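In: got a sequence here, can you model it:
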Amino acid sequence: MAQDNRTEKGTGHRRQKAREQGQVVRSRELSSALALLSTIMIIAWQSMLSWRDQWRGLWSNLLSQASSGDISSITPLLRETASLIARWTIPAMCAAFGMSVLASIAQTGLVFTPKALKPTLSRFNPISNIGKLFSFGGLSNILKGLVPMGFVSYLCVSIVRRDWAQMALSTYSTPAASAAWILSHLFEVAWKAGLIFLAWSCVDYMFQKLNYEKSLKMTKEEIKQEGKDLEGNPENKKRVKRTQRKLARRFRMKDVARATVVITNPTHYAVALEYRLESMAAPVVIAKGQNLLAQQIKEYARWHDVPIVENKPLAQALYKAVEVGETIPEKLYTAVAEILAFIFRTQGRNIQSPAAQRG
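Out: Next up is the predicted model:
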């Protein structure tokens with residue numbers, strides 16, 4: 001039932017975790033088919049470069065050496081044989097290896113997964129490996145390999161039926177003509193079989209893609225849980241935000257030192273205002289707090305000789321209506337101006353009310 005509930009596509013985080021564990025879409029048959037075709041093409045290209053003369057010269061030297069019985073020239077002859085074999089095999093092997101690597105990179109990109117490379121005892125357990133061989137997955141892999149072999153067998157039978165008459169007459173041909181005819185047909189079977197394997201590998205890749213997407217599917221509950229794990233529980237996020245706001249207000253405690261006045265409730269609220277005649281059009285709330293934070297603001301104000309004025313309705317109104325860093329609203333200009341005027345008169349300065357400045 002849990003599998004039936006997996007109706008949602010895998011998230012990016014789920015895909016990243018699967019990639020870190022080595023779970024990617026990859027068709028080994030595609031790499032093998034491209035490697036086979038590249039090898040066939042390289043051999044066909046080499047065959048056009050006087051391959052007949054090269055091998056004919058080698059066999060002639062070998063037969064001459066065998067008939068003469070001279071042992072002194074064996075070493076150069078072996079060196080020539082090894083050189084010719086290397087010239088034919090190394091390019092084909094390099095082409096096959098390079099094409100296989102490119103096909104793997106094209107399918108999955110560069111993937112390095114230490115978790116997938118970590119050795120486990122189950123990989124070396126012969127009993128479990130035999131069990132995997134006779135499991136549904138193992139049998140499906142065997143059947144998957146038999147399908148293209150069936151097409152290749154049909155290809156061979158069709159070529160034999162097509163050229164049966166030539167095969168019957170080949171007994172009257174020269175050995176060179178018979179060898180050329182056999183090689184041409186072997187090449188035809190090879191490149192056509194390579195195309196069959198390539199087509200089947202594309203089909204296999206699509207099946208791998210479908211199975212991969214199916215394995216990544218998630219339930220709605222799993223997606224919600226993943227979102228909570230990545231972004232945090234909403235209740236925890238609210239709690240963190242409240243704590244951050246409190247910390248931010250505490251960090252603004254140092255701004256109380258430059259406040260012009262602190263208006264209090266007197267015990268529940270405290271709002272610190274700053275007003276500069278030369279640069280400000282209206283007072284600005286630079287700190288505010290409630291309960292314990294309000295007591296800390298007042299203590300900080302006393303420590304820095306900032307005037308504290310008790311005005312319950314004004315303190316509550318400022319605390320509820322104005323955030324830290326904002327100017328006071330116009331409806332509170334008059335009440336604040338009266339307090340500022342009293343403070344400035346006490347300090348021997350003149351003040352023009354914010355309402356008068358605005359007018």
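In: quick check: the gap between Val285 and Thr39.
Out: Using CB to CB, to the nearest Å, Val285 is found at 79 Å from Thr39. All C-beta atoms are positioned from the backbone trio N, CA, C, and that covers glycine.
In: distance of Lys288 from Ala106?
Out: Applying CB to CB, the value for Lys288 to Ala106 is 61 Å.
In: who has more neighbours out of the two?
Out: Neighbour count, other CB atoms under 10 Å: between Lys288 and Ala106, Lys288 has more, with 24 against 11.
In: thinking Lys220 is in contact with Glu8, fair?
Out: Yes: at 6.0 Å, Lys220 and Glu8 qualify as touching, with contact defined as CB atoms under 8 Å.
In: can you check which residues contact both of these two?
Out: Taking CB atoms under 8 Å, 6 or more residues apart in numbering as the contact rule, Lys220 and Glu8 touch no residue in common.
In: more crowded one of these two?
Out: Comparing Lys220 with Glu8 by other CB under 10 Å, the one with more neighbours is Glu8, at 15 against 11.
In: residues contacting that one?
Out: Lys217, Met218, Thr219, Lys220, Glu222, Ile223.
In: swap in Val336?
Out: For Val336, the contacting residues are Leu273, Pro283, Leu314, Ile328, Pro354, by CB under 8 Å, 6+ apart.
In: got it, and Ala270?
Out: Val262, Ile263, Thr264, Lys288, Gly289, Gln290, Leu293, Ala294, Gln295, Ile297, Lys298, Ala315.
In: okay, buried residues for stretch 154-163 please.
Out: Neighbour counts over stretch 154-163 (16 or more other CB atoms under 10 Å) mark Leu155 as buried.
In: one more: stretch 279-286?
Out: Ala282, Pro283, Val284, Val285, Ile286.
In: ok so the last one is a helix residue?
Out: Looking back up the chat, that one is Ile286. No: secondary structure of Ile286 (DSSP: H, G, I helix; E, B strand; the rest coil): strand, not part of a helix.
In: if we can go back for a sec, determine which two of the contacts of Val336 are furthest apart.
Out: Farthest apart among the contacts of Val336 by CB to CB are Leu314 and Pro354. That separation is 13.9 Å.
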